[in-house]
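In: My questions concern the predicted model and sequence given below.
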Amino acid sequence: MSAFQSAYQEEQQRLQEVIVEIDRQLERLRGIPVYTGHDFTEQVLEAGREEKRQALAKSLPEPYFGRLDFQENGVGERKRLYIGKVGLDKEEAGEYPLVIDWRAPVASLFYSFTGGTEPASFEAPEGIIEGLVYLKRNVVIRKQILERVSDTYDRESGGPAVSDEFLVYRLGENKDHRLRDIVSTIQAEQDQIIRAARNTALIIQGVAGSGKTTVALHRLAYLLYQYKEQVSADKMIIFAPNLMFLDYISDVLPELGVGDIQQRTFADWAAEQLDIHVTSQDRLETMAQWFEGDPRLGTPDVDGHTSGRYKGSLELMKLIQTCVETLEAGALPGDDFSPWDGAVLPRETIAEWYFKEYRPYPLAKRKERVLTRIHRWVEMELKKSPSAAVMKERKKKAAQREKSYAGKWPKFEPLALYKMLFGAVKSSGLWPEELTSAIPDSVKSATRSDLKQNVVREEDLPGLLYFHCLLNDIASDQRFDHIVIDEAQDFSPFQVAVLDMYVRGHSFTILGDLSQGIHAYRGVHAWEEMSSLFSEENTAYYALTRSYRSTMEIIEFANRVLENGVRSDLLAVPVFRSGDAVRLIPYSDPAMREEDIKQAMRALLEKEYRTVAVLTRTLQEAKALHAALNPEWPELNLIDGSEQTYQGGLSILPVYLSKGFEFDAVVMADADTNHYADKAWDAKLMYVGCTRALHELWLLHGTHVPRYVDAEPSEIVAKGWPPA
Ligand SMILES: Nc1ncnc2c1ncn2[C@@H]1O[C@H](COP(=O)(O)OP(=O)(O)OP(=O)(O)O)[C@@H](O)[C@H]1O
């Protein structure tokens, strides 16, 4: 019998034993009548039983995916550890677990061990545990059937490095239309991030396809497991760019057994905090402004006076802080308060309350407290009235004067103050002219005209929210235990600084890729813009350089776009997974463009890929092309940025909307100088498009391809149509 056969049989037998054991436990638990009474202890016991029933039922089809043979130093017995999505105990106390949860400390060895004969270690609650790894084995079980056994490390064969064989097998599969969990093949560099300590702002620069989104989701599952007592799912939030992307990633957490985590866009969440409406057209209009101009001119240049950059800057944050401080100093009306003629509450007394007694409260609360206290004082004074008639008269007068006194205070309301800041309403001398003169004129006038028409844009949200935070308390039930920001290169430092006020202990996972920074008109240009928000001990930086999505050919090709077009050194290191060369196909004639694109689609669809996308440079082109292709492929989905769900299958979309997604095969339409200018931004767009492809990438183009596209035939580039 070959070693492989014996390994297979061994695992087959073990699988049967585990299934029998799970069935037995399930049967026993299902045999216990569900408790519905009022006894608290019984209720807790029932909840525990229900949790166990669910865990057993969930694990039954695929109880585990890996095995690690490990011998702890100084402990006689070598243990076989089976690792699965759900941990399962044997029923007999003291027995070793049937399956170990992938998040448990000992399971970290399965991921962090990279091979060799040296001892390996992991951090357990009782300290560092060291020992020898003998075997790392991946198994694929589907619906209780053992489909594959793959040893990626075996000490008996001399202790080589852990091989990528199983990973490559997994990566070679066609994907369906949703992002999936990767528990069976998490890589050591990813595991480090997943298991990083909670109270730090992690900033992760990861090349396209390095698993950033996936890793962030696994990290949440890990934090919930490791810090059960301190964090809860409903106090975690993921910010992602749009609803369609949220739909695309929405299966991963339930697969990992995690529910209830909010998944939102920043705009939605912030507007809800502020209880205001943000024009839903704004996102589409902004995209149109930046991406739908004449492509030959390339994307417009950006500087500190670009509206989104300025409104996301720490400069504006500082200005707002100064404005609120100035407001605080000048808010108290200059007069004494007189509820009726002859009665006076001196300003000094009110000032004592406002500046001293209520100082610890945020501004809006302070104003409220002072006015309530004045009202109480009035009530006391009223009691001293000589008669009921006088009292009635005074009461009426006092009510009027209290109202007019309250009116002399500024409105501590974020939108009102924000309007004042940009001159959309008069500041009534609250802020000296020179304070707001720091705002660039172009930003000021455009924002003023928007605000005068009550148009609030997404880029206004950080400023508004910051006003809100400075004026009001953030209630403890509004604070998060952890915040994930995906595609963080498109976030501004100001957004993150405001979010920091909403999270306990700077507990962030911030992930992005500067090479995909196509929204540079609002996002960061260097990670220092974000890390500078935190003190050194509160932040950690990780770089993910290995890319798992695409074949070597696609990654090498995309790397050259980056090197030549962006002069970036954030290049991806591919996993050794070879596929077809990237194909560059010139249109046979400008008039044949649509026909050629159809031809490419037919050829790729013949290969039975599950997801194929045509990426155009602009939305206009996507719409026109969709109309042309639709008769032949009625199932072709046009994605224009307004959709809430992602269908998979055949898609057509502008390249700038493809960020974050992936497709088995990608056709880049119009990959030529008429559509991609010789600018870093356009090269980034091209990079984003190319890195969406898992297995196959074709670029169809007019006469000239951009300088940064490598058109020389080689092992990674093929020219023209594939041989029939
Ligand atoms: N360790 C892994 N094992 C198997 N597949 C992996 C692994 N890491 C990442 N992948 C796969 O690589 C692909 C890219 O992952 P993901 O979308 O999370 O990357 P990303 O860094 O967010 O990409 P991008 O920035 O390009 O949008 C996914 O199909 C994911 O399942």
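Out: Thanks, I have it. Residues are numbered from 1 along each chain as shown.

In: mind checking the longest strand of this protein?
Out: strand 127-142 (DSSP state E).

In: Show me what it is packed up against.
Out: In this structure, strand 127-142 makes packing contacts with helix 3-31, strand 66-72, strand 120-124, strand 145-154, judged by 3 or more C-beta pairs under 8 Å, 6 or more residues apart in numbering; DSSP states H and E. To be clear about C-beta, it is placed using only N, CA and C from the backbone, and glycine gets the same treatment.

In: Kindly recompute the last result at 7 Å.
Out: strand 66-72, strand 120-124, strand 145-154 (3 or more C-beta pairs under 7 Å, 6 or more residues apart in numbering; DSSP states H and E).

In: what about the second one, average pLDDT?
Out: So that's strand 120-124. Averaged over strand 120-124, pLDDT sits at 92.

In: centre of the chain versus it, how much separation?
Out: 30 Å (C-alpha atoms, centre = their mean, to the nearest Å).

In: Pick out the residue of the stretch 101-250 of the chain closest to the ligand.
Out: G211 (3.0 Å; C-beta to the nearest ligand atom).

In: my guess is that residue meets R549, correct?
Out: No. Shown here, G211 and R549 do not form a contact pair, counting by C-beta atoms under 7 Å, at 8.3 Å.

In: thinking again about what came up before, same list, the helices and strands packed on strand 127-142, but as a markdown table with mean neighbour count and distance to the ligand please.
Out: Compiled in a markdown table, the helices and strands packed on strand 127-142 are given as follows (neighbours: other C-beta atoms under 10 Å; distance: least, C-beta to the nearest ligand atom, whole Å):
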| stretch | mean neighbour count | distance to the ligand |
| --- | --- | --- |
| strand 66-72 | 20 | 12 |
| strand 120-124 | 16 | 19 |
| strand 145-154 | 17 | 12 |
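
In: wait, which of the ones you listed is closest to P493?
Out: Of all the helices and strands packed on strand 127-142, strand 120-124 sits nearest to P493, with 33.3 Å by C-beta to C-beta.

In: All the strands of the stretch 601-724 of the chain, in order from the start?
Out: 612-616, 637-638, 650-654, 663-668, 693-701, 717-719 (DSSP state E, counting those that start in this stretch).

In: can you tell if the longest one touches the ligand?
Out: No. Taking C-beta under 6 Å from any ligand atom as the criterion, strand 693-701 and the ligand are apart, separated by no less than 7.0 Å.

In: Strand 663-668 and that strand, what's the angle between them?
Out: 10 degrees (axes from the mean of the first three to the mean of the last three C-alpha atoms, to 10 degrees).

In: Listing partners with orientation, what would you give for strand 693-701?
Out: strand 582-586 (parallel), strand 663-668 (parallel) (DSSP bridges).

In: Could you say which of those strands is packed most deeply?
Out: Neighbour counts (mean count of other C-beta atoms under 10 Å) averaged over each of the strands paired with strand 693-701 peak at strand 663-668, with a mean of 26.

In: Next, work out how far apart Q263 and G206 are.
Out: Taking C-beta to C-beta, to the nearest Å as the measure, Q263 falls 20 Å from G206.

In: Which one's more surrounded, those two?
Out: The residue with more neighbours, out of Q263 and G206, is G206; 27 against 19, by other C-beta atoms under 10 Å.

In: That one bridge partners, please.
Out: G206 has these beta-bridge partners by DSSP bridges: L544.

In: give the contact list for it.
Out: With contact taken as C-beta atoms under 7 Å, 6 or more residues apart in numbering, G206 is in contact with K212, L511, D513, L544.

In: which among those gets closest to H701?
Out: Of all the contacts of G206, D513 has the smallest distance to H701: 25.0 Å, by C-beta to C-beta.

In: okay, the closest residue to L700 other than its chain neighbours: pLDDT?
Out: What sits nearest to L700 in space, not counting adjacent residues and going by C-beta to C-beta, 6 or more residues apart in numbering, is I585, at 5.0 Å. Note on I585: pLDDT of 97.

In: Hmm, W721 and I585 touching each other?
Out: Yes. I585 is within contact range of W721, at 6.1 Å (criterion: C-beta under 7 Å).

In: So the most centrally placed residue in the chain versus the ligand, what's the distance?
Out: The chain has D486 as the residue nearest its centroid, 2.5 Å off, counting by C-alpha atoms, centre = their mean. D486 is 7 Å from the ligand, where distance means C-beta to the nearest ligand atom, to the nearest Å.

In: Would you agree that residue is in contact with L511?
Out: Yes. Under the criterion of C-beta under 7 Å, D486 makes contact with L511 at 5.8 Å.

In: anything in contact with each of these two?
Out: A216.

In: ok, back up a step: could I get the helices and strands packed on strand 127-142 as TSV with distance to F337?
Out: TSV is the format used below for the helices and strands packed on strand 127-142 (distance: least, C-beta to C-beta, whole Å):
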stretch	distance to F337
strand 66-72	74
strand 120-124	63
strand 145-154	78
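
In: And the pLDDT at the residue nearest to the centre of the chain?
Out: Looking at D486, the pLDDT reads 94.

In: One more: the one 5 residues further on?
Out: As predicted, F491 sits at a pLDDT of 91.

In: isn't it right up against V484?
Out: No. If you go by C-beta under 7 Å, F491 and V484 don't touch, sitting 11.6 Å apart.

In: Okay then, goodbye and thanks.
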